[in-house]
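>>> Output the structure for:
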Amino acid sequence: MALRADNISKQYFRKTGEANFFSAVSHVSLTLDPGTLTVLTGRSGSGKTTLLHMLSGLLPPSEGKVLLDGADLYAMSDADLSRLRNTGLSVIPQARSALETLTVLENVLLPGALYRRKDQRAEALHWLEKLGIGHLQDARPAALSGGELRRMAIARALTQDGEILLADEPTGDLDDENTALVLSTLRAAADAGKAVLLVTHEQDAKDYADCVYRMNEGEMQACI
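Predicted coordinates:
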């Protein structure tokens with residue numbers, strides 16, 4: 001399963017100088033192929049997260065199309081797109097995304113429970129152990145550090161097991177040891193056949209990538 005951005009842009013109407021709009025992402029084309037890890041770098045505010053949100057079906061582009069195996073994501077019904085985001089696209093968000101009333105394990109299992117998938121408890125426990133937070137499975141999110149919450153979100157996305165994995169700054173709250181653990185885990189996911197996009201400021205991420213792009217003022221520069 002391949003995900004392709006076909007000349008997508010995102011504009012917001014806002015008075016900026018003589019223009020009446022602000023271009024957050026401008027005419028980006030990108031293909032995420034199975035078995036590859038693509039790294040996207042760039043300064044804060046360069047358009048990286050906006051691009052990821054368009055690729056994940058969360059933010060319609062102003063121009064262009066996002067195609068999953070040739071099917072236009074934004075031509076789908078809301079129900080079909082919601083199901084796709086639950087089963088085909090796994091997203092590791094930059095923002096905190098835990099439900100405080102659920103345990104860590106329940107948070108990880110929640111996406112699968114929404115569509116009554118098979119019991120994923122074994123997979124969830126595997127990823128929690130792999131990411132070093134298995135002992136926190138019965139804790140509530142309020143008891144976790146920022147780095148532990150980040151790893152919980154990664155475990156949730158990996159348990160979802162979508163063929164496309166989109167990660168937005170997944171190592172932002174992690175120390176060097178856990179950063180290396182997460183990067184190697186994402187590399188292994190790509191090697192297992194997933195199409196992985198990693199949005200990051202982490203310089204070491206380039207060592208794990210098949211291809212590296214850089215965003216600058218909404219434009220994506222050639223692979224380096």
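>>> Now do the end-to-end distance for stretch 11-26.
This stretch, stretch 11-26, spans 8 Å end to end (CA to CA, to the nearest Å).
>>> Now do the strands in the protein.
Ranges of strands within the chain are 3-16, 19-32, 37-41, 63-68, 71-72, 89-92, 164-168, 195-199, 211-216, 219-221, based on DSSP state E.
>>> Make JSON lines out of those and add mean neighbour count and distance to residue 150.
(Each C-beta comes from the backbone N, C-alpha and C, glycine too.) Listed next are the strands of the chain as JSON lines, based on neighbours: other CB atoms under 10 Å; distance: least, CB to CB, whole Å:
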{"stretch": "strand 3-16", "mean neighbour count": "16", "distance to residue 150": "23"}
{"stretch": "strand 19-32", "mean neighbour count": "17", "distance to residue 150": "22"}
{"stretch": "strand 37-41", "mean neighbour count": "24", "distance to residue 150": "18"}
{"stretch": "strand 63-68", "mean neighbour count": "18", "distance to residue 150": "26"}
{"stretch": "strand 71-72", "mean neighbour count": "12", "distance to residue 150": "31"}
{"stretch": "strand 89-92", "mean neighbour count": "24", "distance to residue 150": "8"}
{"stretch": "strand 164-168", "mean neighbour count": "25", "distance to residue 150": "10"}
{"stretch": "strand 195-199", "mean neighbour count": "26", "distance to residue 150": "14"}
{"stretch": "strand 211-216", "mean neighbour count": "18", "distance to residue 150": "22"}
{"stretch": "strand 219-221", "mean neighbour count": "17", "distance to residue 150": "25"}
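>>> Put together JSON lines for the ones you listed, with distance to residue 142 and mean pLDDT on each row.
As requested, the strands of the chain are exported to JSON lines (distance: least, CB to CB, whole Å; pLDDT from 0 to 100):
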{"stretch": "strand 3-16", "distance to residue 142": "34", "mean pLDDT": "88"}
{"stretch": "strand 19-32", "distance to residue 142": "33", "mean pLDDT": "88"}
{"stretch": "strand 37-41", "distance to residue 142": "32", "mean pLDDT": "96"}
{"stretch": "strand 63-68", "distance to residue 142": "36", "mean pLDDT": "96"}
{"stretch": "strand 71-72", "distance to residue 142": "40", "mean pLDDT": "92"}
{"stretch": "strand 89-92", "distance to residue 142": "21", "mean pLDDT": "93"}
{"stretch": "strand 164-168", "distance to residue 142": "23", "mean pLDDT": "97"}
{"stretch": "strand 195-199", "distance to residue 142": "27", "mean pLDDT": "97"}
{"stretch": "strand 211-216", "distance to residue 142": "34", "mean pLDDT": "94"}
{"stretch": "strand 219-221", "distance to residue 142": "38", "mean pLDDT": "89"}
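>>> Alright, I will stop here.
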